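>>> All I have is the shape, not the residue letters:
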């Protein structure tokens with residue numbers, strides 16, 4: 001089934017014509033629980049991984065763990081609509097500080113499914129996203145990894161890895177992605193209005209307009225940041241959102257070139273301020289607000305993943321040289 005973003009509650013370019021010069025495009029991925037295969041773009045499905053190729057491992061020191069959740073029990077609990085029980089790590093299996101620990105495959109995207117996906121090194125058209133299931137250092141930092149591939153060449157492998165290495169327990173229930181199929185949809189997007197993301201005079205006018213909307217229509221009035229600029233959820237390309245951190249300069253550590261947003265991963269498809277973005281196919285037309293959303297958690301939090309404290313994970317790449325290390329930014 002396709003997913004269709006409703007028309008914005010206000011035509012933002014009609015109110016602020018100068019925003020037309022700043023308009024961009026982003027691809028909303030609209031993940032929904034399903035049964036994706038290794039040849040599909042997906043979140044949480046099987047990776048297209050040639051058999052015999054080493055699976056990515058995290059060799060950095062990890063925080064010691066004492067308990068966790070078994071993947072098979074997480075899946076059973078989700079099917080039953082309950083929370084899984086935690087289990088103690090055995091001394092023989094408990095991850096120590098020295099690793100190594102297998103990365104968890106989170107998602108893979110083919111450009112044939114998502115034309116807005118940027119090219120990787122040597123024109124690679126398949127990108128795979130991984131995360132270490134454990135934390136690092138006193139600030140509980142996470143480690144991510146990208147793997148770029150030539151899709152056609154990879155699909156010619158004789159055999160593919162059927163059972164990737166994994167740890168017996170995950171530290172948190174939300175470390176295990178729910179297998180989701182995607183419903184890509186391109187939509188217009190506009191920069192976050194704060195700092196130097198737009199001309200200062202325009203940001204001031206947007207702020208004044210929002211204040212006037214609230215005064216006239218109350219707290220549910222359309223809001224630029226929540227309703228008119230950047231959609232929530234998993235998306236490719238477009239502009240980064242800066243709700244928690246404020247705008248930051250993201251430059252390549254190798255060459256200082258301003259980096260390009262490759263993709264955004266988000267734990268929720270919507271939040272308290274973004275219900276206007278719920279696709280038409282997931283709405284009950286006679287109802288309004290939260291009550292209009294059909295599908296419950298399958299729509300609100302389809303992948304079951306979390307990033308930080310329910311923040312956006314932005315993945316940036318260097319447009320001057322895709323071989324340079326990407327940057328991972330929680331906002």
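Perfect, thanks for sending it. Nothing here was measured: the structure is a model prediction, and the numbers come from that model.
>>> Tell me the secondary structure at residue 208.
helix (DSSP: H, G, I helix; E, B strand; the rest coil).
>>> Check what pLDDT it gets.
With respect to pLDDT, residue 208 has a value of 97.
>>> what do you get for residue 309?
At residue 309, pLDDT is 76.
>>> Residue 292 now?
75.
>>> what about it, distance to residue 218?
18 Å (C-beta to C-beta, to the nearest Å). To be clear about C-beta, it is placed using only N, CA and C from the backbone, and glycine gets the same treatment.
>>> Comparing those two, which residue is more hemmed in?
Shown here are residue 292 and residue 218; by other C-beta atoms under 10 Å, residue 292 has more neighbours (14 against 8).
>>> All the strands of the stretch 1-150 of the chain, residue numbers only.
Counting by DSSP state E, counting those that start in this stretch, the stretch 1-150 of the chain has strands at residues 24-28, 32-33, 42-43, 57-58, 67-68, 87-88, 101-102, 104-110, 126-131, 144-149.
>>> In its sheet, which strands sit next to the first one, and in what direction?
It refers to strand 24-28. Strand pairing for strand 24-28, determined by DSSP bridges: strand 185-189 (antiparallel), strand 235-237 (antiparallel).
>>> Give me the distance between the shortest one and the centre of its chain.
So the one you mean is strand 235-237. Relative to the mean C-alpha coordinate of its chain, strand 235-237 is positioned 8 Å out (C-alpha atoms, centre = their mean, to the nearest Å).
>>> how deep is residue 159 tucked in, by neighbour count?
8.
>>> where in the stretch 201-331 of the chain is pLDDT low?
271-273, 289-290 (pLDDT under 70).
>>> correct me, but residue 254 touches residue 327?
No. Counting by C-beta atoms under 8 Å, residue 254 sits too far from residue 327 to count as a contact (10.7 Å).
>>> Show me which of those two is the more surrounded one.
Using other C-beta under 10 Å as the criterion, residue 254 and residue 327 rank with residue 327 on top: 17 against 12.
>>> nearest to residue 274, of the strands of the stretch 1-150 of the chain?
strand 24-28 (11.8 Å; C-beta to C-beta).
>>> Can you classify the residue positioned nearest the centre of the chain by secondary structure?
In the chain, the centroid-proximal residue (C-alpha atoms, centre = their mean) is residue 265; its distance is 0.9 Å. Following three-state DSSP, we place residue 265 in the strand state.
>>> That one contacts residue 313, correct?
Yes. If you go by C-beta under 8 Å, residue 265 and residue 313 touch, sitting 4.4 Å apart.
>>> intersection of neighbour lists for those two?
Listed as contacting both residue 265 and residue 313 by C-beta atoms under 8 Å, 6 or more residues apart in numbering are residue 307.
>>> Pick the most buried one from the strands of the stretch 1-150 of the chain.
strand 42-43 (a mean of 28; mean count of other C-beta atoms under 10 Å).
>>> Could you list every helix and strand that that one packs against?
strand 104-110, strand 180-181 (3 or more C-beta pairs under 8 Å, 6 or more residues apart in numbering; DSSP states H and E).
>>> in its sheet, what does the first one sit against?
Sheet pairing for strand 104-110, assigned by DSSP bridges, gives strand 42-43 (antiparallel), strand 126-131 (antiparallel).
>>> and of these, who's closest to residue 64?
Using C-beta to C-beta, the strands paired with strand 104-110 put strand 126-131 closest to residue 64, at 18.9 Å.
>>> tell me the mean pLDDT for the closest one?
For strand 126-131, the per-residue pLDDT averages 98.
>>> Give me the residues contacting it.
Contacts of strand 126-131 (C-beta under 8 Å, 6+ apart): 47-48, 56, 103-111, 117, 120, 142-151, 154, 175, 262-263, 265, 315.
>>> now residue 268: how far from residue 137?
26 Å.
>>> Neighbour count: those two, which is higher?
Using other C-beta under 10 Å, the more surrounded residue of residue 268 and residue 137 is residue 268, with 20 against 10.
>>> which residues does that one contact?
Counting by C-beta under 8 Å, 6+ apart, residue 268 has contacts 232, 233, 300, 301, 310.
>>> do the same with residue 68
86, 87, 89, 167, 169, 170, 171, 172.
>>> ok, the fourth one touching residue 103?
No. Because the distance of 10.3 Å does not satisfy C-beta under 8 Å, residue 167 is recorded as not touching residue 103.
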